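Enquirer: Curious how this folds, go ahead:
(3 chains)
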Amino acid sequence: MSQHPSHTFASHSLAELAERFGLRLQGDGGRRIEGVATLAHAQAGQISFLSTGKYAAQLAATNAGAVILREEHLADCPVDALVAADPYVAYAKIAALYERLPAAAPGIHPSAVVDVGAKVAPGASIGPCCVIERGATVEDGAVLGPHCIVGEDCIVGAQSRLVARVTLVTRVTLGRRVLVHPGVVIGSDGFGLAFERDHWLKIPQLGGVRIGDDCEIGANTTIDRGALDDTVLEEDVRLDNQIQIAHNVHVGAHTAMAGCAAVAGSARIGRWCQIGGNAGVLGHLELADRVTITAKSLVTHSIREPGEYSSGTPLQDNRQWRKSAARFKHLDDFARRLSALEKDNNDE
Amino acid sequence: MSQHPSHTFASHSLAELAERFGLRLQGDGGRRIEGVATLAHAQAGQISFLSTGKYAAQLAATNAGAVILREEHLADCPVDALVAADPYVAYAKIAALYERLPAAAPGIHPSAVVDVGAKVAPGASIGPCCVIERGATVEDGAVLGPHCIVGEDCIVGAQSRLVARVTLVTRVTLGRRVLVHPGVVIGSDGFGLAFERDHWLKIPQLGGVRIGDDCEIGANTTIDRGALDDTVLEEDVRLDNQIQIAHNVHVGAHTAMAGCAAVAGSARIGRWCQIGGNAGVLGHLELADRVTITAKSLVTHSIREPGEYSSGTPLQDNRQWRKSAARFKHLDDFARRLSALEKDNNDE
Amino acid sequence: MSQHPSHTFASHSLAELAERFGLRLQGDGGRRIEGVATLAHAQAGQISFLSTGKYAAQLAATNAGAVILREEHLADCPVDALVAADPYVAYAKIAALYERLPAAAPGIHPSAVVDVGAKVAPGASIGPCCVIERGATVEDGAVLGPHCIVGEDCIVGAQSRLVARVTLVTRVTLGRRVLVHPGVVIGSDGFGLAFERDHWLKIPQLGGVRIGDDCEIGANTTIDRGALDDTVLEEDVRLDNQIQIAHNVHVGAHTAMAGCAAVAGSARIGRWCQIGGNAGVLGHLELADRVTITAKSLVTHSIREPGEYSSGTPLQDNRQWRKSAARFKHLDDFARRLSALEKDNNDE
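Expert: Residues are numbered from 1 along each chain as shown, chains lettered A, B, ... in the order given. Got it, this is the predicted structure:
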């Protein structure tokens, strides 16, 4: 259960880390590393990293036991070092050794409510107050923290982890090693309405949601199920917090979205795309692979070419901004007057 | 209980559907329809629909048993058909026959916590881990899925459905047939603060929330209760996911808002309005009936006339956008220079 | 427990209120005040307030028993009055006397799941279905409503109140008198990724979150824990609903943010700042003290000077807006042509 965590701490020698991740060691291979920290705060028993020149100044003063860095910074390193082509990638792998996840013992917490028609693998861990409904499946090694709801006909794939208070409504399939953070709702009704004379009629949402292997879904994100076909996230899609994915959206593999991004119904987003914070994509559009949308931009047409796209205006002092904004309303008039002046000059 | 769904499937003859919904039948009235699907994926036992010319190309190739369409498309239909003035409306009604909702048996799940001072109608269904607090009322035919909280002095109207994990904080009244999706919070404190010298004082939020009949509230949407009077949604208001409705907002009947829209305190929105995704309305403004706000627009002044309103700039390649954005800061200067040039020319 | 509220109502004489809050009394000091209401709706037993001239018209017609107002409005007041330098501040204090919070009896609800390795003070109140995990601490006088989760190594400070369904994931420390509304998630993983060849690697999020005394966190807001160091909110920070605070953000004391604001990773926001609704701050930026950002603006660079800052364009009728937006794309071209015309004129 999540409330019986293991409290053992990891310890590895520098030589061990170098060999395990194919890094070049400079210094004392026998040095014990018990954790990771920033260049500014690391102590003797900890390893830090330098991925950009931006923090190079901190390198000289670091008290870290060792630093992961690029060849180019090695000469300036006052302590032991591990040389990596990409120090941030090497750091990600090394830091994972020191992450202390709650050890989740297999089994079902007595306060959980599991329907007789649900399948829970013996190796799965179901936390306090979870509700597993009829026709649901939780595969081996899956870990459900407290207050998770797995609705009818939902599948939680092997080794997936629902941190806490995650709701899978219905017809949701999570692949393997999917990580879902608290407050997430997957498989809620898509927003489908038909207008009849003077009132709305609800369009039944009869599809489901398919989430690929190795996806991560941030806190309080919502992903609606499809109207007829499914809403789909391919493998390794990474969603930050409070993202809204509407019904029948298709997100390509390895695409990442920052907090508060929103994608409207039936939009199709390519692979290796990056959607900035609070950016929006209108419905039924298509984005090619490797498209980047900057923060708070609104995508109003399909994008066929890889590249970076933006909308909006720059931040200004409010008094200045009011002047720009007032003039924005008359841009069409300006354009006509500018053309008229050019014509006059040419006629002279 | 939600974990004992009915698994019976619906089956209707084409003639039956035609008669029930007043549609013109062409073809075999005896054909059995067991479900709905898209033109592209429908099989012999399923009915599909064509509401816009956009998908007309798919009509010729469909394997559907029948298609709901307009008179004008009848000639191109290779299979049986139901002719409707508005195929999407007809589809909404027919699809509803095939939606399989969990059958909710009346009663209170043993894991639910119901205060002795709460009233739960015998015909209501209270799911696992629900909490019904003192002074709360759940009317007949209401269905509460798992993990719903109905706080003090809240009322859940007859036939309303709280899908799962819905929180009604206090002084919230839901009308009849209200549908609320997971993660919704209604009746939380409005954001009221007074600044005294060097710190904030909280303004107690003493009002409530009134939600009319037939409203739908999307996943993770938040609706604050009023400071003194109530926050109000009239009947048939339709809210998508992650919408924020601040205290004392009044939303007129039949208004719909797309995902991530936000309405600030005491704004008054008319009837039949449509607020686009991530659009915002500032506080204390009034919007007339039948106002449409496009996605991501910010409403900064009251709107007296029906119509469509927008703000923002179009999406551009980032390099181009940077140039436009830089020039935006100097629009006021441009305007002055333009006028000066016009004056020069006229003086000549 | 939250389901056993006290239903006693408050009653104070006008003289008592005047003396307690240092206000000047005009009229019958013996008048009993049993509640607060708006000028428009207040009855004889209630007190109202007039803080801005905007509502002065309502003063003449009010049926309130008394009104809190400024000296300047006293002459126009048809009923008893309390004269205050800042009527809204005085109202905040008086209204607090009439707020009826659920009386939370100390103790742990039988349906709560408290780990043997957790510390819950005898004076704390733990509601139905709460889950308190190993290493967690709930201090004296803290009140947890239904469905709260206090994860490993989290601390809920004395007198803090988690209204309902709040999740503290891990390494979260709340100060004293912190008020957290339903649906809030604090301490979820920050969004940290490293890209290796063709896929994402997760950066373990090993830091925590520290929330200062007297902070308020709105419904469905998310605050991620730090990657290595902590995410920090200093004292008296006030967050509205659906706000996203990314990992390693630092928010200065007394800063307030309106609904749907978002702050990206490692941004540092000063004290007494006000961030408007749905405004955004990009990562690694710094905002000075007393900076105001208007609604929906995007902060794209650090701000060194106090003041008000904005971005965006004004709302227009959609047809007009389309023209402005189309021209926006050609601003750089306009600027060049304008300069060329000026050069021509000067050459003449």
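Enquirer: so where do the helices sit in the stretch 101-250 of chain A?
Expert: For the stretch 101-250 of chain A, applying DSSP state H, counting those that start in this stretch gives no helices.
Enquirer: Spell out which parts of it neighbour chain C.
Expert: Within the stretch 101-250 of chain A, the positions near chain C by CB under 8 Å from any CB of the partner chain are A:102, A:109, A:111, A:127-129, A:145-147, A:163-165, A:179, A:181-183, A:214, A:216, A:218-220, A:236, A:238, A:240-242. (C-beta placed from N, C-alpha, C; glycine too.)
Enquirer: and with 10 Å instead?
Expert: The stretch 101-250 of chain A comes close to chain C at residues A:101-102, A:109-111, A:127-129, A:145-147, A:163-165, A:179, A:181-184, A:214-216, A:218-221, A:235-243, as judged by CB under 10 Å from any CB of the partner chain.
Enquirer: Buried among those residues? Make that a ChimeraX selection.
Expert: Provided next is the ChimeraX selection string for whichever of these are buried by 16 or more other CB atoms under 10 Å in any protein chain shown:
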select /A:102,109,111,127,128,129,145,146,147,163,164,165,179,181,182,183,184,214,215,216,218,219,220,221,235,236,237,238,239,240,241,242,243
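Enquirer: Of the residues of the stretch 101-250 of chain A next to chain C, which belong to strands?
Expert: In this view, those that belong to strands under DSSP state E are A:179, A:216, A:238-239.
Enquirer: and the closest residue to A:Asp153 other than its chain neighbours, what is it in contact with?
Expert: Counting by CB to CB, 6 or more residues apart in numbering or on different chains, A:Asp153 lies nearest to A:Gly135, which is 4.4 Å off, once chain neighbours are set aside. Contacts for A:Gly135 were tallied using CB atoms under 10 Å, 6 or more residues apart in numbering or on different chains; they are A:115, A:117-119, A:150-155, A:170-171, B:3, B:5, B:7.
Enquirer: List only buried entries from these.
Expert: The neighbour count (16+ other CB under 10 Å) marks A:115, A:118, A:150-155, A:170-171, B:3, B:5 as buried among the contacts of A:Gly135.
Enquirer: I'd like the residues you listed as CSV, with pLDDT appended.
Expert: Shown next, in CSV, are the buried ones among the contacts of A:Gly135 (pLDDT from 0 to 100):
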residue, pLDDT
A:Asp115, 97
A:Ala118, 98
A:Val150, 98
A:Gly151, 97
A:Glu152, 96
A:Asp153, 96
A:Cys154, 98
A:Ile155, 98
A:Thr170, 97
A:Arg171, 97
B:Gln3, 32
B:Pro5, 34
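Enquirer: Let me know the closest of the residues you listed to C:Gly207.
Expert: Nearest to C:Gly207 among the buried ones among the contacts of A:Gly135: A:Val150, at 30.2 Å, using CB to CB.
Enquirer: Contacts only, for the closest one.
Expert: A:Val150 sits in contact with A:114-115, A:118, A:120, A:126, A:130-133, A:135-138, A:142, A:144, A:156, A:162, A:166-170, A:172, A:174, B:146, where contact means CB under 10 Å, 6+ apart.
Enquirer: quick one: average pLDDT of stretch A:14-30?
Expert: In this model, stretch A:14-30 has a mean pLDDT of 97.
Enquirer: swap in stretch A:223-239?
Expert: Here the average pLDDT along stretch A:223-239 is 97.
Enquirer: Could you check that stretch and say which residues are buried?
Expert: For stretch A:223-239, by 16+ other CB under 10 Å, it's A:223-239.
Enquirer: same deal with stretch A:196-213?
Expert: Buried positions in stretch A:196-213, judged by neighbour count with 16+ other CB under 10 Å: A:200-213.
Enquirer: ditto for stretch A:23-38
Expert: A:23, A:25-27, A:31, A:33, A:35-38.
Enquirer: Within range of chain B, give me the residues from the stretch 1-150 of chain A.
Expert: Taking CB under 10 Å from any CB as the criterion, the stretch 1-150 of chain A approaches chain B at residues A:111-118, A:128-136, A:147-150.
Enquirer: Okay, and the beta partners of A:Leu233?
Expert: Counting by DSSP bridges, A:Leu233 forms beta bridges with A:Ile211, A:Val251.
Enquirer: My guess is it contacts A:Val180. True?
Expert: No: counting by CB atoms under 10 Å, A:Leu233 sits too far from A:Val180 to count as a contact (11.4 Å).
Enquirer: can you list residues touching both of those two?
Expert: Shared contacts of A:Leu233 and A:Val180, defined by CB under 10 Å, 6+ apart, are found at A:174, A:186, A:211, A:215, A:217, A:223, A:239.
Enquirer: Need the residues you listed in a markdown table (columns: distance to C:Ser302).
Expert: Shown next, in a markdown table, are these (distance: CB to CB, whole Å):
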| residue | distance to C:Ser302 |
| --- | --- |
| A:Leu174 | 40 |
| A:Ile186 | 37 |
| A:Ile211 | 38 |
| A:Cys215 | 34 |
| A:Ile217 | 31 |
| A:Ile223 | 35 |
| A:Leu239 | 28 |
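Enquirer: Now compare the residues you listed and name the two farthest from each other.
Expert: Spanning the widest gap among those are A:Leu174 and A:Leu239, at 13.1 Å by CB to CB.
Enquirer: Between those two, which contacts overlap?
Expert: Common neighbours of A:Leu174 and A:Leu239 (CB under 10 Å, 6+ apart) are A:180, A:211, A:215, A:217, A:233.
Enquirer: how close does the last one get to A:Gly259?
Expert: Summarising the geometry, the distance separating A:Leu233 from A:Gly259, computed by CB to CB, to the nearest Å, is 17 Å.
Enquirer: next one: the second one
Expert: Shown here: A:Ile211 relative to A:Gly259, a distance of 19 Å by CB to CB.
Enquirer: what's the burial count for A:Asn346?
Expert: By the criterion of other CB atoms under 10 Å in any protein chain shown, A:Asn346 has 8 neighbours.
Enquirer: Specify the local secondary structure of it.
Expert: Following DSSP: H, G, I helix; E, B strand; the rest coil, the label given to A:Asn346 is helix.
Enquirer: ditto for A:Ile47
Expert: Under three-state DSSP, the three-state class of A:Ile47 is strand.
Enquirer: how many neighbours does it have?
Expert: A:Ile47: 28 surrounding residues under other CB under 10 Å.
Enquirer: thought it was touching A:Lys93?
Expert: No: using CB under 10 Å as the test, A:Ile47 is too far from A:Lys93 to be in contact (11.7 Å).
Enquirer: Give the residues shared as contacts by those two.
Expert: A:17, A:68.
Enquirer: Mind listing the residues bridging to A:Ile33?
Expert: With DSSP bridges applied, A:Ile33 shows beta-bridge pairing to A:His12.
Enquirer: Could you verify my assumption that it touches A:Val79?
Expert: No: with contacts counted by CB under 10 Å, A:Ile33 stays clear of A:Val79, the gap being 11.6 Å.
Enquirer: Now list whatever residues contact both of those two.
Expert: Here A:Ile33 and A:Val79 share the contacting residues A:44, A:47, A:64-66, scored by CB under 10 Å, 6+ apart.
Enquirer: Tell me if A:Leu17 really is in a helix.
Expert: Yes: assessed with three-state DSSP, A:Leu17 lies in a helix.
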